[in-house]
Structure formats: structure tokens, C-alpha cells
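Chemist: Using only what follows, build the 3D model:
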Amino acid sequence: MPPAAGVEAVAGFASASVRGEAADIKGKFGFVFRKPGLGRVEALDPLGRTAYEMIFTAGTGYLVVPRRKVYAEERPEAMVERFLGFSLGPDEVLELLSGQWSGREGEGAEAWKLERDGQGRVVRGERDGVAFAVNEFFPGGGVPRTVVFSRPGTSGRVKVLSLEFNPETWPGAFETPFLKTFARKSLEEIQEIRDDAP
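Modeler: Alright, predicted model coming up:
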């Protein structure tokens, strides 16, 4: 259950399967998101090693392939869209994972139209052609466990395997030391490197 005082951060592990024109991924990943706008996602290969990382800090998203010593830089929402198939900022990911929505609901291009069940839990949402539905909740509250989503040409599913609220910050989770030593590439070049990675 989320703490009564509110959710400022989440951390855990999840699996994702996304297929479509905008993205094509399948696998497990670890994550930590902290308000305002901070996040880190580590995608794991079949052997449990880090295949690539997405780091969100100060309004900038970085996609890093540590084994190849390369990274790309983009707006966080654009980076999430490239790999999940729809635009979502780090704070919105935190709100979706925790079931604690704050202020991005109602009318307008940036607002979500949310549907709640009889218990007040958000069960569906739609914005700008993107729709999600919560297929399963963790026992005892409104925290999503399995979320399916779709947009024209893309659909997917995220299943949260473990989740912790307001965890201690991972040491160095949002730091960017790779900027000094890794080569900068475009997102397209990084995608090719990821596709070719062993």
C-alpha cells in the first residue's frame, strides 16, 4: 500500500512486452523514479546483465549502452515514446506505477481522462490516442500490478514484479559520469547498436 503521506519515489522490478511500429521490446528491467522528474531504468539481458539504461534528470533523458560506451540524449518523453511506443514523463511513470495520480487529469492535450472503479482505483486512462487499462492490482489497494496499453500501431503490457514506495535513494542512481568518457550517438545509432548487441 502507498504511504498515507504520499508517494515521492518508487523502485522495483518489472517485465515488459511491447510490439508495434513505434517500439519492439521484451524483457525485464529494474527501475527507480523520484519526483521531480528523476528516473533510472536498467534493462536486463537474459543473463541478468545490464543491456542498456535510461536515466532521466533535469528535463533530459539519456539512453546508455555501458558495454559499448555510448549514449544518446533526448527529452524524457520522446525517449520513453521511442522505446515504449507512447509519450510519458518520469513523474507520470511514477504516478502510473503507484496508482497515485496528481493533477494531470481532466481536459486538454496534456491531461489524462481517467476512469475509476467503485473503490476509487484508476482502472483506465486515455490521452492523445494512447489508452491503458489495469488488468490486475496488488492485493489490498489501488496499486497496479499488470497494465496493458495501446495506441495506433503499438500495444504492450507491463507487469510489476516488485515495488517499494519512498525507498532510500540508490547511490549515484541519477548521476551521469558517462558524459565525460562515452561517445555520444543519435537515438537511431543507439537503436542499431542495441539490435546488434550480443
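Chemist: in the lowest-mean-pLDDT helix or strand in the chain, what's buried?
Modeler: Sorting the helices and strands of the chain by mean pLDDT, DSSP states H and E puts helix 187-196 at the bottom, at a mean of 73. By neighbour count with 16 or more other C-beta atoms under 10 Å, helix 187-196 contains the buried residues 187, 190, 191, 193, 194. (C-beta placed from N, C-alpha, C; glycine too.)
Chemist: Contact partners for the fourth one?
Modeler: Residue 193 makes contacts with 65, 68, 70, 185, as judged by C-beta atoms under 8 Å, 6 or more residues apart in numbering.
Chemist: and what of the third one?
Modeler: For residue 191, the set of contacting residues under the criterion of C-beta under 8 Å, 6+ apart consists of residue 82.
Chemist: My read is that residue 70 contacts residue 192, right?
Modeler: No: taking contacts as C-beta atoms under 8 Å, residue 70 lies outside contact range of residue 192: 10.6 Å.
Chemist: Give the burial count for residue 54, as a bare number.
Modeler: 23 (other C-beta atoms under 10 Å).
Chemist: so the closest residue in space to it that isn't next to it in sequence bridges to which residues?
Modeler: Once flanking residues are discounted, residue 54 sits nearest to residue 41: 4.4 Å by C-beta to C-beta, 6 or more residues apart in numbering. Here residue 41 sits in beta bridges with residue 31, residue 54, going by DSSP bridges.
Chemist: Please verify my assumption that residue 41 contacts residue 27.
Modeler: No: in this structure, residue 41 is not within contact of residue 27 by C-beta under 8 Å, at 11.1 Å.
Chemist: So which of those two has more stuff around it?
Modeler: Neighbour count, other C-beta under 10 Å: between residue 41 and residue 27, residue 41 has more, with 22 against 14.
Chemist: Quick one: mean pLDDT over stretch 136-147.
Modeler: For stretch 136-147, the mean pLDDT works out to 92.
Chemist: what stretches of this structure score poorly on pLDDT?
Modeler: Residues of the chain that meet the criterion pLDDT under 70 lie in 1, 22-24, 103-110, 194-198.
Chemist: Could you pull out the helices in it for me?
Modeler: 76-84, 90-98, 187-196 (DSSP state H).
Chemist: can you tell which of the ones you listed is closest to residue 46?
Modeler: Proximity to residue 46, assessed across the helices of the chain by C-beta to C-beta, is greatest for helix 187-196 (14.3 Å).
Chemist: next one: the closest one to chain centre, how far?
Modeler: 19 Å (C-alpha atoms, centre = their mean, to the nearest Å).
Chemist: what residues are up against the closest residue to residue 153 other than its chain neighbours?
Modeler: Counting by C-beta to C-beta, 6+ apart, residue 21 is the residue found nearest to residue 153 once chain neighbours are left out, at 3.9 Å. Residues counted as contacts of residue 21 (C-beta under 8 Å, 6+ apart) are 85, 153, 154.
Chemist: Same list (those residues) but as JSON lines, adding distance to residue 9.
Modeler: Shown next, in JSON lines, are the contacts of residue 21 (distance: C-beta to C-beta, whole Å):
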{"residue": "85", "distance to residue 9": "25"}
{"residue": "153", "distance to residue 9": "33"}
{"residue": "154", "distance to residue 9": "28"}
